[in-house]
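**Student:** What shape does this take:
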Amino acid sequence: MLLAVVGVGRVLANSQILYIWYLIEIAMETVTIPKEEYELLKKKAELDEDLLVSLVKGLEDIKAGRIKPWKKTTN
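**Tutor:** Sure thing, here's the model as predicted:
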């Protein structure tokens, strides 16, 4: 069994070393895509983040009791 000493007395087993190596390998991979696709993906990521922030704020408002009764509209 291969062991590595990391930090103050911390020992990593084979599986942990392989996992760390795997994470490093993933971080070093690159993919080539067209610029238009990159821009589209970037916009989607920004929208997803904005939606998530909005949902979190809404949940915080509900928790704090800052809600209004739902009004049904008739069309």
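**Student:** so where's this protein shaky on pLDDT?
**Tutor:** Along the chain, segments meeting pLDDT under 70 span 1-15, 25-29, 75.
**Student:** what's the longest helix in it?
**Tutor:** Ordering each helix of the chain by length in residues (DSSP state H) puts helix 35-63 first.
**Student:** Show me what that one is packed up against.
**Tutor:** Applying 3 or more CB pairs under 8 Å, 6 or more residues apart in numbering; DSSP states H and E, we find helix 35-63 packed against no helix or strand. All C-beta spots, glycine's among them, are computed from the backbone N, C-alpha and C.
**Student:** So this structure: which segments form each domain?
**Tutor:** Segmentation of the chain into domains, based on automatic domain parsing, reads 1-30, 32-65.
**Student:** And for K63, the neighbour number?
**Tutor:** 9 (other CB atoms under 10 Å).
**Student:** now do S54
**Tutor:** For S54, the tally of surrounding residues (other CB under 10 Å) stands at 10.
**Student:** what does I20 give?
**Tutor:** When neighbours are defined as other CB under 10 Å, I20 has 13 of them.
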